[in-house]
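1. Need coordinates for the below:
(chains A and B)
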Amino acid sequence: DTGVSQNPRHKITKRGQNVTFRCDPISEHNRLYWYRQTLGQGPEFLTYFQNEAQLEKSRLLSDRFSAERPKGSFSTLEIQRTEQGDSAMYLCASTGGGETQYFGPGTRLTVL
Amino acid sequence: SQQGEEDPQALSIQEGENATMNCSYKTSINNLQWYRQNSGRGLVHLILIRSNEREKHSGRLRVTLDTSKKSSSLLITASRAADTASYFCAPEPMNYGGSQGNLIFGKGTKLSVKP
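-> Numbers count the residues shown, from 1 in each chain, chains lettered A, B, ... in the order given. Coordinates of the predicted model:
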């Protein structure tokens, strides 16, 4: 499979716990994006990387959220001290210089 | 908000009919993309139209763009039950210094095609 992959696909956690998601973009894609999607809404932009540099962060990305892409390949998104409002689908997308973004299947987070 | 907004929110048609979905946005854009999402799944890219293009075709899909009205439409001809999904438009806002690529999605149009 040469598409964007995300792990885990589902995560259930208790409020206050930390969670980390991983995204593996399409090989050699230099841009990587994170979005969040809640029920009945479209995806909302969170942040993006050009290689290992994080170039933009949305105001949605509170200080409990941190994203990294240490070697310019895979990326992780960590949420600390999770809240029920963090329950959502977290989507990752990558692009190799063109405008088309290729999305992964998403990680569905449920915070109890 | 620079959100793309789709209209209608829901559309139900019979197989074989055409489906038209509209999108409006608020700012200048580099391009506008349409995506499809099956329930609970990731998004699939359908078509991209650049700001200097007015119409684009891909198979049974036809997209138009009117930058003066800040609107776009997606037409699916001869619809099939497998076209049942949510459809999102995603304008890419124009930024100084070149494209940032962060897309602004609306709430989508939920299309139901009945066999």
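2. number of nearby residues for residue 38?
-> Here I'm looking at chain A. The local packing of A:T38 (other CB atoms under 10 Å in any protein chain shown) involves 13 other residues. Any C-beta I mention is one placed from the backbone N, CA and C, and that applies to glycine too.
3. Sorry, I should have been clearer: chain B.
-> With other CB under 10 Å as criterion, B:N38 counts 12.
4. just B:A81 next, same as before
-> B:A81 has 11 nearby residues by other CB under 10 Å.
5. I'd say B:Q14 and B:V113 touch.
-> Yes: look at B:Q14 against B:V113 with CB atoms under 8 Å: they come within range, at 7.4 Å.
6. what about the two, which has more around it?
-> Relative neighbour count places B:V113 above the other of B:Q14 and B:V113, with 20 against 10, counting by other CB under 10 Å.
7. where does that one fall, helix, sheet strand or coil?
-> The three-state assignment at B:V113 reads strand, by DSSP: H, G, I helix; E, B strand; the rest coil.
8. Do you know the pLDDT at it?
-> Note on B:V113: pLDDT of 97.
9. B:R80 is in contact with that one, correct?
-> Yes: checked against CB under 8 Å, the pair B:V113 and B:R80 is within contact range at 6.3 Å.
10. shared neighbours of these two, anything?
-> B:E15 (CB atoms under 8 Å, 6 or more residues apart in numbering or on different chains).
11. what helix or strand is the residue positioned nearest the centre of chain A on?
-> For chain A, the residue nearest the mean C-alpha position is A:W34 (3.7 Å; CA atoms, centre = their mean). Assigned by DSSP states H and E, A:W34 belongs to strand A:31-37.
12. which helices and strands sit right next to that strand?
-> For strand A:31-37, the elements it packs on are strand A:44-50, strand A:75-79, strand A:88-95, judged by 3 or more CB pairs under 8 Å, 6 or more residues apart in numbering or on different chains; DSSP states H and E.
13. for the ones you listed, which one sits closest to chain B?
-> Among those, strand A:44-50 comes nearest to chain B, with 4.3 Å by CB to the nearest CB.
14. and the closest one, which residues are buried?
-> Across strand A:44-50, burial judged by 16 or more other CB atoms under 10 Å in any protein chain shown covers A:E44, A:F45, A:L46, A:T47, A:Y48, A:F49.
15. List the residues that contact residue 45.
-> Picked chain A for this. A:Y33, A:W34, A:Y35, A:S58, A:L60, B:N102, B:L103, B:I104.
16. meant chain B actually
-> A:T100, A:Q101, A:Y102, A:F103, B:Q33, B:W34, B:Y35.
17. looking at chain A, which helix or strand is least sure?
-> Taking mean pLDDT, DSSP states H and E as the measure, the helix or strand of chain A with the lowest value is strand A:53-57, at a mean of 89.
18. What mean pLDDT does the helix or strand just after it get?
-> Of the helices and strands lying after strand A:53-57 in sequence (DSSP H and E), the nearest is strand A:65-68. Across strand A:65-68, the average pLDDT comes to 96.
19. What is the least confident helix or strand of chain A packed up against?
-> Against strand A:53-57 (3+ CB pairs under 8 Å, 6+ apart) you get strand A:44-50.
20. ok, how many other residues are close to B:S71?
-> Neighbours around B:S71, by other CB under 10 Å: 18.
21. so it makes contact with B:N22?
-> Yes: assessed by CB under 8 Å, B:S71 is found in contact with B:N22 at 6.5 Å.
22. just to revisit the earlier point, could you dump the contacts of A:F45 into CSV with distance to A:D86 and pLDDT added?
-> Below are the contacts of A:F45 laid out as CSV (distance: CB to CB, whole Å; pLDDT from 0 to 100):
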residue, distance to A:D86, pLDDT
A:Y33, 18, 94
A:W34, 13, 96
A:Y35, 14, 94
A:S58, 14, 87
A:L60, 11, 81
B:N102, 20, 76
B:L103, 21, 82
B:I104, 21, 84
